[in-house]
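K.L.:
Turn this into a structure:
(one chain, ligands or ions: 1)
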Amino acid sequence: MTGEKGEEDEAGLSWDLEDITMEELSEGQAAARALEDVLALSSQALLRAEVEDLYREVRQLGQGRFGRVLLVTHRQRGTAMALKLLSKASTTRQGFLYEFCVGLTLGSHPGIVATYGIGLETQTCYGFLSEPALHGDLIALIQPKRGLPEAAAQLCAQQLSSALEHVHSRGLVYRDLKPENVLVFEPGCRRVKLTDFGHTRPRGTLLRLAGPPIPYTAPELCSPSRRPQGLPIQPSLDAWALGVLLFCLLTGYFPWDQPLAEEDPFYQDFLDWRASGRACDRPAPWGALSPTADRLLGLLLEPQPRLRGPVGSVRAFLGQCWQERAQSPQLAGKGEEREEEEQEEGAE
Ligand SMILES: Nc1ncnc2c1ncn2[C@@H]1O[C@H](COP(=O)(O)OP(=O)(O)OP(=O)(O)O)[C@@H](O)[C@H]1O
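P.N.:
Below is the predicted model:
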C-alpha cells in the first residue's frame, strides 16, 4: 500500500461468513503473518542514502500516480536496475515497506518482476530496486479497436494466469490487474511480468470501494449497501480483472466502463446476453471473439464470485482460436516478431 493510493478503504474487523470460509480466512491470516515478519526485517535494513551516491540515472522508465521508476546502473558494478521512488509526501513508511515486501516474497515466479532485497530511504523518497523491463508495459502494445495479435494475447493470458495463481497460492489477492502493470521483457509478449504490488492484500481483508469503479472492478465490490463493513477480498476479484484484460487484449475495447447494470448500458447488454443465451443478443464488441473465447470469458466474467472460474481456467483454452477470423496463433506471433525486429533495427 502506498499512502493515499487507495481506491478502496480498509474497513472494520467482522466477516460475513457467507462471503468467506474459515479455511480461506486462515489462509489470508497466515499470509499476513508471513508478511509482517519480512516487513519487520526489511524495516531494520533500510539503506539511508541519496540515489546519486549509489546509482547513476540512465532514464525514466515510467511514472504512475505514486511512483516514478528510473533505469539506473550501480556505480561500482554497472548492473542495470529499475528504481521505483515513492515520494514521502504521498507514501507512508509502512505503505512503502508493505509494497516492497510483497514484491520480495512473490518475486521468485517467472511471471512476476523480481524485486531485489535493497530498500532505500532518501531525504524525500522511499525506493526499492527490481529487474528492469526494457520493452515498456502492455498498454503501449494494445492497438485501439484491434487489441494484440492473438498469439501475443494468448502468451499474456498464459503467463499472467500463472503469475496470479502464484499470488493466490501465497494467500494474497493482487487487486490491480491492468495493462500498465504488465511489463514486457521480450518482443511478441514472449516474456511478460506482473509488477506493482501496492494494492495486494491477504485474502479475507475487508475492503470497500472509495472511488468510482473502473472496468476491471468486479461487480461484488460495487454493491456497498449489502456489506457496509466491506467485502472480504477473494482471488475471484483477480479472475474478473483477468477476464476484462483479456477482452481488451483481444478486441482493443473495454467491455464496459463499470459493471453497474443501472448505469452502464454495455454491462446491461452483457447481462441480458448471458440471461438469454441467444446469439442475436451478443453485444457488438464481442463480435471480434470466437466461441472459444466467449466460453473462457463467460467463466472469468461470471457475475457471481462463488461461481466464477479461477484464473487458471485459461489453461484449458490455450492453443485454440480466440479471435474471430484470426490467423493461426503461430502465424500471428511470427508477424509481430518481424515487425518488432524491424522497429528495433530502425531505431539503431
Ligand atoms: N521494473 C520496471 N521496469 C520498467 N518499467 C517499469 C518497471 N516498474 C514500473 N515501470 C513503469 O513505470 C510505470 C509506473 O510504475 P508503477 O505502476 O509501479 O507505479 P505506481 O505509481 O505504483 O502506479 P499506479 O498509478 O498504478 O498506482 C509502469 O506503468 C511501467 O510503465
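K.L.:
Who's the closest spatial neighbour of Leu39, skipping the chain neighbours?
P.N.:
Using C-beta to C-beta, 6 or more residues apart in numbering and skipping residues adjacent in sequence, the residue nearest Leu39 is Cys101, 4.8 Å away. Quick note: C-beta positions are derived from backbone N, CA and C, even for glycine.
K.L.:
I meant Leu148, not that one.
P.N.:
Ranked by C-beta to C-beta, 6+ apart and with sequence neighbours excluded, the top spatial neighbour of Leu148 is Leu249, at 4.9 Å.
K.L.:
Please list the residues of the protein that sit near the ligand.
P.N.:
The chain comes close to the ligand at residues 5, 61-67, 69, 82, 84, 113, 130, 132-133, 137, 180-181, 183, 195-196, 198, as judged by C-beta under 6 Å from any ligand atom.
K.L.:
Do you have the helices of this structure handy? List them.
P.N.:
Here the chain has its helices, by DSSP state H, at 22-44, 51-54, 93-106, 150-169, 236-251, 265-276, 291-300, 329-347.
K.L.:
Can you lay out the ones you listed as JSON lines showing distance to Gln229 and mean neighbour count?
P.N.:
As requested, those are exported to JSON lines (distance: least, C-beta to C-beta, whole Å; neighbours: other C-beta atoms under 10 Å):
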{"stretch": "helix 22-44", "distance to Gln229": "14", "mean neighbour count": "15"}
{"stretch": "helix 51-54", "distance to Gln229": "42", "mean neighbour count": "14"}
{"stretch": "helix 93-106", "distance to Gln229": "22", "mean neighbour count": "22"}
{"stretch": "helix 150-169", "distance to Gln229": "23", "mean neighbour count": "22"}
{"stretch": "helix 236-251", "distance to Gln229": "17", "mean neighbour count": "25"}
{"stretch": "helix 265-276", "distance to Gln229": "26", "mean neighbour count": "16"}
{"stretch": "helix 291-300", "distance to Gln229": "27", "mean neighbour count": "18"}
{"stretch": "helix 329-347", "distance to Gln229": "45", "mean neighbour count": "14"}
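K.L.:
Would you mind giving the ones you listed as TSV with mean pLDDT added?
P.N.:
Shown next, in TSV, are the helices of the chain (pLDDT from 0 to 100):
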stretch	mean pLDDT
helix 22-44	94
helix 51-54	95
helix 93-106	96
helix 150-169	98
helix 236-251	98
helix 265-276	96
helix 291-300	97
helix 329-347	37
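K.L.:
Of the ones you listed, which is nearest Gly188?
P.N.:
helix 329-347 (4.6 Å; C-beta to C-beta).
K.L.:
follow-up on the earlier one: which of the residues of the chain next to the ligand fall in strands?
P.N.:
Judged by DSSP state E, the subset of these located in strands is 61-63, 67, 69, 82, 84, 130, 183.
K.L.:
In those residues, find the pair that's most separated.
P.N.:
Largest separation among these by C-beta to C-beta: Gln63 and Ser130, giving 15.6 Å.
K.L.:
Look at those two and report which has more neighbours.
P.N.:
Neighbour totals were compared for Gln63 and Ser130, and Ser130 leads with 23 against 10 (other C-beta atoms under 10 Å).
K.L.:
Quick check, pLDDT for that one.
P.N.:
Model confidence at Ser130, given as pLDDT, is 97.
K.L.:
Dig out what it forms beta bridges with.
P.N.:
Beta bridges link Ser130 to Ala82, Thr115, judged by DSSP bridges.
K.L.:
ok now do it, which residues does it touch?
P.N.:
81-82, 84, 103, 107, 113-116, 195 (C-beta atoms under 8 Å, 6 or more residues apart in numbering).
K.L.:
if you set the cut-off to 6 Å instead, what comes out?
P.N.:
82, 113, 115 (C-beta atoms under 6 Å, 6 or more residues apart in numbering).
K.L.:
contacting residues for the second one?
P.N.:
Think Val113. By C-beta under 6 Å, 6+ apart, Val113 lies in contact with 130-131, 193, 195.
K.L.:
Repeat that for Leu194.
P.N.:
Taking C-beta under 6 Å, 6+ apart, we find Leu194 in contact with 112, 163.
K.L.:
how about 10 Å then?
P.N.:
If you count contacts by C-beta atoms under 10 Å, 6 or more residues apart in numbering, Leu194 has them with 103, 106, 109, 111-113, 159-160, 162-164, 166-167, 174, 176-177, 181-183, 200.
K.L.:
Give me the pLDDT value at Pro228.
P.N.:
74.
K.L.:
thinking Gly117 is in contact with Leu46, fair?
P.N.:
No. Gly117 is not in contact with Leu46 according to C-beta atoms under 10 Å; the separation is 11.2 Å.
K.L.:
Mind listing the shared neighbours of these two?
P.N.:
With C-beta under 10 Å, 6+ apart, Gly117 and Leu46 have common neighbours 100, 128.
K.L.:
For those two, indicate the residue with more neighbours.
P.N.:
Using other C-beta under 10 Å, the more surrounded residue of Gly117 and Leu46 is Leu46, with 18 against 13.
K.L.:
Chain neighbours aside, what residue packs nearest to the residue most central in space within the chain?
P.N.:
Centrality entry for the chain: nearest residue to the mean C-alpha point is Leu177, 2.3 Å, by C-alpha atoms, centre = their mean. Take Leu177 and drop its neighbours on the chain: the residue closest to it by C-beta to C-beta, 6+ apart is Ala241, 3.8 Å away.
K.L.:
residues touching the one you found, list them.
P.N.:
Here Ala241 is in contact with 160, 164, 174-178, 214-218, 300, 311 (C-beta under 10 Å, 6+ apart).
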